[in-house]
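# Mind folding the following:
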Amino acid sequence: MGRYVISSPDQQKEMLKEIGLKSLDDLYSAVPEAARLKQLNLPEGRSELETGRMMKAMAAANRKYDRIFRGAGAYDHYIPAVVRSVTTKEQFVTTYTPYQAEISQGVLQSIFEYQTQICELTGLDVSNASVYDGAVAIAEAIFMVQERKKSTILMSENLNPQYIAVARTYCESRNVEIRMLKNENGRTSLEDLSQQISEETAAVVVQSPNYYGIIEDVEQLAQKAHEFKARLILSVNPIALGLLKSAGEMDVDICVGEGQPLGMPLSFGGPYLGFMACKKELMRKLPGRIVGQTVDHDGRRCYVLTLQAREQHIRREKASSNICSNEALCAMTASVYLAAVGPDGLRQVAENSASHAHYLQKKLAEAGYGLVYDQPFFHEFLTECPKAHEVEEKLAEKGILSGLPIGEDRMLWCATELNSKSDIDELVELVKEVG
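Numbering: from 1, shown residues only. The predicted structure is shown next:
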């Protein structure tokens, strides 16, 4: 945490005199009087002891759950101790991304390792150094493929609603039209895609497992998109890639996702990271930073920033992207997590999560909470739940965070490797009490 040293009144007067002004207010002469804030309505300062007590009281008002059965884009997984041990070293916890990047060989190497792991995970050729989150990754992927003659995007209704909202916000000022593809029994309608796709379609955007946890038929969707020379953008849960086919195996053009499940705690919603990977032919359109490996004057291995379009920094609204930094510490966290669990460990996490979710679904079905969509799912699923908010409150009383209520009569449940059989059995018994 950086220190802040305030300037004294005499120093302020000296600086104002140097630039020919009489008061600090003169610095804001170009700002209309009505728009200026005269003063902040702040309370009196507190001592360190008082501040500490106040913060503890505020923290005590938060409700902390011992067991979590909610996903919907942020997931509760076990994080090996080595992850925090490595990522909290002061060499890595920096205040900001280094400007003279090549001086920071350690940081660049960590990003290069992360990019390599994301490529191995997704089965694609190139990864960037990460973007802000999974929602931004989808929006940036859309801009990678949008062209003047191909400016229509077909997006599945089964994406995370937050991802859809962010994509719409990004596209609104860029004359990029988003059309939605219908949900057909929990999956993206291939028939609707066939009716809507045209030569003007730049990309088809899907999520698998989708927002309802269901595994989409990505290969058929990609085949249909490619028939019209459109790209297939796929958003994935990285843990699911330990068990399911990779994006590369399904002929996906760009694979994106939220990296939070890879070693990051829930943390009230952030900071997280968005990962992006693509086929080699699209690598020059990847936004943000890409780290490459090369050799120096003496032939020693070293790392550099490469393939980064400077126009992204200076062309403002004409740029293909305005992202010129990355979530470096979060990316390192994902990298350390993947290194710690390894390929076999990641598969085990995925298998256990899926197994626990299917056991939970079976027990809920026996209690009368049937599936809304009877389709193959990974570790999330949507059930009928006539008293969703009552169920939510009943479980909360026992320190259990329920699934996410969808409307008044449905619930989106999730299970990971952290949800034991006894936890699930207890949850189902409590749900039965609500009736």
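
# quick one: the helices in the stretch 51-200 of the chain?
81-87, 105-122, 134-145, 161-172, 190-196 (DSSP state H, counting those that start in this stretch).

# Sorry, slip of the keys, the one I care about is the stretch 301-435 of the chain.
With DSSP H, counting those that start in this stretch as the criterion, the stretch 301-435 of the chain has helices spanning 311-314, 328-366, 388-397, 421-434.

# Please name whichever of those is nearest to residue 302.
Nearest to residue 302, of all the helices of the stretch 301-435 of the chain, is helix 328-366, at 17.9 Å by Cβ to Cβ. For glycine as for every other residue, the C-beta is placed from the backbone atoms N, C-alpha and C.

# What helices and strands are in contact with that closest one?
helix 81-87, helix 105-122, strand 380-384, strand 410-414, helix 421-434 (3 or more Cβ pairs under 8 Å, 6 or more residues apart in numbering; DSSP states H and E).

# Format these as TSV; extra columns: mean neighbour count, distance to residue 196 and mean pLDDT.
Listed next are these as TSV, based on neighbours: other Cβ atoms under 10 Å; distance: least, Cβ to Cβ, whole Å; pLDDT from 0 to 100:
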stretch	mean neighbour count	distance to residue 196	mean pLDDT
helix 81-87	15	43	95
helix 105-122	21	27	94
strand 380-384	24	25	98
strand 410-414	24	27	98
helix 421-434	16	40	96
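
# Nearest approach to residue 241 belongs to which of the ones you listed?
helix 105-122 (5.2 Å).

# Please name the nearest non-neighbouring residue to residue 207.
residue 235 (4.1 Å; Cβ to Cβ, 6 or more residues apart in numbering).

# picking up where we left off before, go through the helices of the stretch 301-435 of the chain and pick out the most buried.
By mean neighbour count, with neighbours taken as mean count of other Cβ atoms under 10 Å, helix 328-366 ranks first of those at a mean of 20.

# what separates it from the chain centre, distance-wise?
For helix 328-366, the separation from the chain centroid amounts to 16 Å (computed by Cα atoms, centre = their mean, to the nearest Å).

# What of stretch 213-226?
21 Å.

# gap between the closest residue to residue 186 other than its chain neighbours and residue 430?
Nearest residue to residue 186, sequence neighbours excluded (Cβ to Cβ, 6+ apart): residue 373, at 2.8 Å. Between residue 373 and residue 430 the computed distance is 24 Å (Cβ to Cβ, to the nearest Å).

# repeat for residue 422
Counting by Cβ to Cβ, the gap from residue 422 to residue 430 is 13 Å.

# What are the neighbouring residues in contact with the residue nearest to residue 186?
185-187, 212, 214, 381-382 (Cβ atoms under 8 Å, 6 or more residues apart in numbering).

# ok so, going back, dump the helices of the stretch 51-200 of the chain into CSV; add distance to residue 415 as well.
Below are these laid out as CSV (distance: least, Cβ to Cβ, whole Å):
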stretch, distance to residue 415
helix 81-87, 22
helix 105-122, 22
helix 134-145, 20
helix 161-172, 21
helix 190-196, 29
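
# Sort out for me which of the contacts of residue 373 are in strands.
Judged by DSSP state E, the contacts of residue 373 include 187, 381-382 as members of strands.

# For the residues you listed, give me a markdown table that also has distance to residue 103.
Below are the ones in strands among the contacts of residue 373 laid out as a markdown table (distance: Cβ to Cβ, whole Å):
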| residue | distance to residue 103 |
| --- | --- |
| 187 | 49 |
| 381 | 49 |
| 382 | 50 |
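
# Looking at those, spot the one nearest residue 31.
Nearest to residue 31, judged by Cβ to Cβ, of the ones in strands among the contacts of residue 373 is residue 382 at 51.1 Å.

# quick one, what contacts the closest one?
186, 212-213, 371-373, 406, 410-413.

# Which member of the ones in strands among the contacts of residue 373 is positioned nearest residue 299?
Distances from residue 299 to these, taken by Cβ to Cβ, are shortest for residue 187, at 53.3 Å.

# count of neighbours near the closest one?
Number of residues near residue 187 (other Cβ atoms under 10 Å) recorded here: 22.

# need the contact list for it.
158, 210, 214, 216-217, 373, 375.

# Turn the residues you listed into TSV, columns for distance to residue 51 and pLDDT.
TSV is the format used below for these (distance: Cβ to Cβ, whole Å; pLDDT from 0 to 100):
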residue	distance to residue 51	pLDDT
158	46	98
210	45	98
214	48	98
216	50	98
217	55	97
373	50	97
375	52	97
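
# what's the distance between the closest residue to residue 208 other than its chain neighbours and residue 204?
Spatial nearest neighbour of residue 208, excluding adjacent residues (Cβ to Cβ, 6+ apart): residue 216 at 3.8 Å. From residue 216 across to residue 204, the span is 11 Å (Cβ to Cβ).

# ok, now residue 418?
Counting by Cβ to Cβ, the gap from residue 418 to residue 204 is 34 Å.
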